[in-house]
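**Q** What shape does this take:
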Amino acid sequence: MRANYKMTPPETKISGKAFYVNFETPHELSELALEALRQAKQSGKVNKGTNETTKAIERGLAKLVIIAEDVEPPEVVAHLPILCEERSIPYIYVQSKAQMGPALGMDVGAASVCIIESGEAESLLDQIFKEISGIKKG
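**A** So this is what the prediction gives:
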């Protein structure tokens, strides 16, 4: 006779956010990051998707990593904040994958993206870096 055990999924949300979300990103800062992504897509270089983002982080190429908060399953992107912290690469969260689609000129969103070459978004990135460091210190 086989035992009928029911597995309960691990807790994936803490205070309404996915467990990999380490800090609250203000809406204005998320919008600024999406604008930087738009500009970098047009005049610089952007990597889309978790695999490409992971490679860019590991190779030290990523200047800014943008991670969606609504990724299912969350384990898909849970390693990104850890890698970014290890490599001292700034990262930020946006509320949804769908927000990144228009910024990338795509119909569908992405779980994560990274800016490799900022192009015309250089001044926006500088502003984002200052604000991120302020959030993490607070």
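
**Q** Same question for the most centrally placed residue in the chain, what's its three-state structure.
**A** Nearest residue to the geometric centre of the chain (CA atoms, centre = their mean): residue 67, 1.5 Å. Here residue 67 is strand, with the state taken from DSSP: H, G, I helix; E, B strand; the rest coil.

**Q** residue contacts, it?
**A** 20, 77, 80-81, 91-94, 111-112 (CB atoms under 8 Å, 6 or more residues apart in numbering). The way it works is simple: take the backbone N, C-alpha and C, and place the C-beta from them, glycine included.

**Q** and the helix or strand hosting residue 41, what does it pack onto?
**A** Element membership of residue 41, judged by DSSP states H and E, is helix 27-43. When contacts are defined as 3 or more CB pairs under 8 Å, 6 or more residues apart in numbering; DSSP states H and E, helix 27-43 sits against strand 64-68, strand 91-94, helix 97-104, strand 112-117, helix 122-137.

**Q** Just want the angle from the last one to strand 64-68.
**A** Helix 122-137 runs at 60 degrees relative to strand 64-68, counting by axes from the mean of the first three to the mean of the last three CA atoms, to 10 degrees.

**Q** Give me the buried positions along helix 122-137.
**A** 122, 124-125, 128, 131-132 (16 or more other CB atoms under 10 Å).
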